[in-house]
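# Sequence first, then the predicted structure, then my questions.
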Amino acid sequence: MIVRPQEFYGKPGEDPKVWYDNFIIDAAVNRWEDDQILDVVAGFFKGAARKWYVAVRNKLRYLQDNTDNAHRAASLYYQLVARFDTDARQDHWHAKWKDIQIEEDERVADYAIRFNKVLKGVDYNNNFTIKMRV
């Protein structure tokens, strides 16, 4: 293994979309084939995510197939997002968005990094207009 992917617990502060995207990048670096990924991914689910995976693993056939409802139902990505992109996760990021401000001794560059992380949590698909971001 060249790169060790992050583990996913399914906690409210974790974004399943971001985790999945990063996992797929790490899988490519490790040269894992699609059929291997469906097996390997089990080792990176912990806690609630592990329990969920054990319950659905026999139904998963694809990584991310949006062909139709049957394919989405058998896709790791869509099932992961359906289960863990919850209101609690969204509330977590919206609370951070509402309260974000630069700290007294914080460098602008560090604030920008923190700001963009919160923005990604609130607006993963980049639907916000520029006015909404500022």
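Nice, thanks for sending it over. Numbering: from 1, shown residues only.

# any chance you could map the helices in this structure?
With helices called from DSSP state H, the chain shows them at 16-29, 34-40, 47-56, 69-73, 76-84, 87-99, 108-122, 130-133.

# in the first one, what's buried?
When burial is assessed from 16 or more other CB atoms under 10 Å, helix 16-29 yields the following buried residues: 16-17, 19-20, 23-24, 26-27. For glycine as for every other residue, the C-beta is placed from the backbone atoms N, C-alpha and C.

# Got the domain ranges for the protein?
According to automatic domain parsing, the chain is divided into the following domains: 16-84, 87-133.

# For Pro5, which of those is the nearest?
Proximity to Pro5 (CB to CB) singles out domain 16-84 among the domains of the chain, at 4.1 Å.

# rewinding a little: reformat the helices of the chain as a markdown table; add distance to Gln6 and mean pLDDT.
Shown next, in a markdown table, are these (distance: least, CB to CB, whole Å; pLDDT from 0 to 100):
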| stretch | distance to Gln6 | mean pLDDT |
| --- | --- | --- |
| helix 16-29 | 6 | 94 |
| helix 34-40 | 13 | 90 |
| helix 47-56 | 12 | 95 |
| helix 69-73 | 24 | 83 |
| helix 76-84 | 14 | 91 |
| helix 87-99 | 16 | 76 |
| helix 108-122 | 14 | 82 |
| helix 130-133 | 26 | 58 |
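
# Next, count neighbours for the nearest residue to Trp32 once chain neighbours are set aside.
Spatial nearest neighbour of Trp32, excluding adjacent residues (CB to CB, 6 or more residues apart in numbering): Val40 at 5.9 Å. Neighbour count for Val40, taken as other CB atoms under 10 Å: 16.

# for the nearest residue to Asn66 once chain neighbours are set aside, what are its contacts?
In this structure, Asn66 finds its nearest non-sequential neighbour in Arg72, 6.1 Å apart by CB to CB, 6+ apart. Arg72 makes contact with 65-66, 78 under the criterion CB atoms under 8 Å, 6 or more residues apart in numbering.
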